[in-house]
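Engineer: Return a 3D structure for these sequence lines:
(one chain, ligands or ions: 2)
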Amino acid sequence: MPGTWTSADHLEILRKSLKDAVPYTCGMHPVSKEQLGLYFSTDGGDGARYIDFASLKDDAPLEALAAACDKATFGSDSGDVFDETYRKAGKLDTDKFSTRIDIVSSGLLDAVAQDLLVEFPKIFAAKVGGKVDEQAEPNPEVAHPLTPERVLRAEMYKLNVYGPGSFFKAHKDTPRGEDMVGSLVIILPTLHKGGALVLEHGEGRWTFDSSNRLDQHRESYPETPAVAYIAFFSDVVHIVEPVVSGFRVTLTYNLFLSPSTSSSSIHRITPAAELACETSLRALLSDPTWFKEGGHIAFGLSHQYPIPRDSGDRHVMLKPEVLKGADARLKNAALRAGLAPRLRLIYRVDEYEEIHEGWPQRLVVLDDVADMSYFDADEGFSSVEIEEQGEILKNLNGDGTDAVRPATPGDRYEYRRAPKALPIGVYWATPPTWMNQAKSSYTANYGNDYSEDCVYGDAALFIAIPPATDASRCIME
Ligand SMILES: O=C(O)CCC(=O)C(=O)O
Ligand SMILES: [Fe+2]
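Structural biologist: Ligands and ions are numbered 1, 2, ... in the order given. Reported below is the predicted structural model:
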C-alpha cells in the first residue's frame, strides 16, 4: 500500500531502477535474399570471392573465408595484443570485405535505436516536486536542460569468423569517442553450434544463443531470410562462448550518437520505469521529514561513459544526452519532478593510503574531466590536484542527516589540509561505481581493440534537494 511506504522503500525503487535494467536488445531481423551476399578479398588483395549466405550448401566457402582472415587481436592499455588464450577468432578489416546488408534500409538500426535510446522529456515540474507543467521553464541549474534529440549512427567495424574452438573471453568494447554508446553484432545465418554471446552487467547475466535462434528461424520460416542481432551498451562486459561446430560469422558495428535533424515526437510516452522513479522521487520530496535540511543525493550510475584519455587544456564535461538506458530514465524522472540532476565525474583519491576504519573513502566530484593519467592503472596522478579542481564529498544518511563517523586525528588532519574544499554532504542512493569493479584485469583494462582517445570514466548523477522549509520545495499536504 503506497500510503505506508517509507522513504527507504522509495529509495529502493530508485536503486532497483538502475540495478534491474536490461542493457541490450536482440532478436532476428528479416533481410532480403540479396543482402546476404558477401565479397571478400583473397591472395593479399589480388583476388576476390563471393559467398551467398542465403544458399550455403556446406562449410567449404566458410573455410575459405576463415582462411582469408587475419588473427584477431584485442586492445590493452598500451596497445593491441595477440593472445589466443583470451581471444581466438579470425577478422577482416572493412577494406577487405563488402557486405550487401544495409542496416538502415532493412530497418535493423531503427529497431535497435527504439530499444536502446531513451527520448528526452519535454515537460518539467514548475516547482521541485510540484505538478508537471507543459509551460514550465526547465530548472536553470541543469546544465543542458533541453538537449536535441539524438539518432543512432552505425559504423561498420569488422567481420569476424569464429570457427570450431574459437571464443572471446570477458571484455568491454573500446570507447572510440565520447559519443560512442554501443555495439551491434550481426550473426549471419550459417549452421553452427555454440558461440552464444553472454552479457554481464552489475548483478545481471544474460545469454543470447544466436545459433539456436538461427536454427529456430530456419525451421519456422524457411522462406524468410534473416540475421540474428544483438546490440548492447559498449561498457557492458561480454563473452563469446566457444564455437563447437561450424563457423559463426559476424559483422560488428560501433554505435554512435548523432544529433537528430528532425524534431522528435511531441507525444512522448513516458517509459514505465521512468514513471516509477518519478513517483518515488515525488513521494520523497513531499515528505517533510526527508532531507529536512536539504543536501544532495547521488546515484553511482549503472553505466560507464567514454571520456578523453587526456583532456589537455580542454574543459570536457559529460553531456547528459550521452546517458544510457536506466541512467537516462533516472535523469528524466528527476527533470519531470522539477529537480536539477547534474552529471558529474567521480574520482577516488588517496586510494593507496590506509583508510580509517568506518570512514568512507575520500571521494572528489568534478564537473570536468580531470587529469587522465589517473586512469592509467598505475599511480602517476596527484590527489591534491584533483581535490583542488573538485569538491570533496562526505556521506549523509538516507534521511539527509550527517552520517556518524569517527573523528580521528588522521581525519581532522586530512580536512585541515584542504580547507577550501569543505566536504559537501551527499547521500549515495547507489554507491559510486569504479572501473575496478569488473571481474578481472582484462575486463577493467582491455577492450576489443586499443584506442588512443578514450577510456571509460565513472560518473554519478547528483540531485540537489532543497530543505523542506524552502519555498522552492513543494511539500504536498
Ligand atoms: O561476435 C560477437 O558476438 C561479439 C564479438 C565481440 O565482442 C567483439 O568483436 O568485440
Ligand atoms: Fe566485444
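Engineer: Spell out which parts of the protein neighbour ligand 1.
Structural biologist: By C-beta under 6 Å from any ligand atom, the residues of the chain that approach ligand 1 are 160, 168, 173, 185, 197, 238, 240, 250, 252, 448. Bear in mind the C-beta positions are built from the backbone N, C-alpha and C, glycine included.
Engineer: Going through the residues you listed, which one is the model least confident about?
Structural biologist: For the residues of the chain next to ligand 1, the weakest pLDDT value sits at residue 448, with 67.
Engineer: Now do the strands in the stretch 201-350 of the chain.
Structural biologist: 204-208, 226-233, 237-240, 243-246, 248-259, 295-300, 305-308, 341-348 (DSSP state E, counting those that start in this stretch).
Engineer: Which one of those strands lies nearest to ligand 2?
Structural biologist: strand 237-240 (5.4 Å; C-beta to the ion).
Engineer: Mind listing residues that contact the closest one?
Structural biologist: By C-beta atoms under 8 Å, 6 or more residues apart in numbering, the surrounding residues in contact with strand 237-240 are 89, 162, 166-173, 195-201, 232, 438-439, 443.
Engineer: 6 Å - rerun?
Structural biologist: 167-170, 172, 197-200, 443 (C-beta atoms under 6 Å, 6 or more residues apart in numbering).
Engineer: mind putting the residues you listed in TSV, distance to residue 391 included?
Structural biologist: Output for those, formatted as TSV (distance: C-beta to C-beta, whole Å):
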residue	distance to residue 391
167	45
168	40
169	39
170	35
172	29
197	40
198	39
199	35
200	33
443	30
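Engineer: Go ahead and build a PyMOL selection from the buried members of these.
Structural biologist: Filtering these down to the buried ones (16 or more other C-beta atoms under 10 Å) takes a single PyMOL command:
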select buried, resi 167+168+169+170+172+197+199+200+443
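Engineer: Which ones among the contacts of strand 237-240 map onto strands?
Structural biologist: Among the contacts of strand 237-240, the members falling in strands (DSSP state E) are 167-170, 197-200.
Engineer: for the residues you listed, which one is nearest ligand 2?
Structural biologist: Using C-beta to the ion, those come closest to ligand 2 at residue 168, 6.6 Å.
Engineer: Kindly state the beta-bridge partners for the closest one.
Structural biologist: Judged by DSSP bridges, the bridge partners of residue 168 are residue 87, residue 240.
Engineer: That one reaches residue 87, doesn't it?
Structural biologist: Yes: here residue 168 reaches residue 87: they are 4.7 Å apart, a contact under C-beta atoms under 6 Å.
Engineer: need the contact list for the closest residue to residue 107 other than its chain neighbours.
Structural biologist: Among residues not flanking residue 107 along the chain, residue 29 sits closest, at 7.4 Å (C-beta to C-beta, 6 or more residues apart in numbering). Contact analysis of residue 29 by C-beta under 6 Å, 6+ apart lists 108, 226-227, 229.
Engineer: Any idea what residue 29 is bridged to?
Structural biologist: Bridge pairing for residue 29 - DSSP bridges - gives residue 227.
Engineer: What distance do you get for it to residue 99?
Structural biologist: Residue 29 sits 14 Å away from residue 99, going by C-beta to C-beta, to the nearest Å.
Engineer: repeat for residue 183
Structural biologist: With C-beta to C-beta as the criterion, residue 183 and residue 99 are 17 Å apart.
Engineer: swap in residue 164?
Structural biologist: For residue 164, the distance to residue 99 - C-beta to C-beta - is 23 Å.
Engineer: ok, the residue nearest to residue 245 when sequence neighbours are not counted - contacts?
Structural biologist: Nearest residue to residue 245 in three dimensions, chain neighbours excluded: residue 193, at 4.7 Å (C-beta to C-beta, 6+ apart). Residues near residue 193 by C-beta under 6 Å, 6+ apart: 211, 244-245.
Engineer: swap in residue 294?
Structural biologist: Residue 294 neighbours (C-beta under 6 Å, 6+ apart): 465-467.
Engineer: Let's see that with 8 Å instead.
Structural biologist: 400, 464-468, 470.
Engineer: JSON lines for the strands of the stretch 201-350 of the chain, including mean neighbour count?
Structural biologist: Output for these, formatted as JSON lines (neighbours: other C-beta atoms under 10 Å):
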{"stretch": "strand 204-208", "mean neighbour count": "15"}
{"stretch": "strand 226-233", "mean neighbour count": "24"}
{"stretch": "strand 237-240", "mean neighbour count": "23"}
{"stretch": "strand 243-246", "mean neighbour count": "17"}
{"stretch": "strand 248-259", "mean neighbour count": "21"}
{"stretch": "strand 295-300", "mean neighbour count": "23"}
{"stretch": "strand 305-308", "mean neighbour count": "22"}
{"stretch": "strand 341-348", "mean neighbour count": "21"}
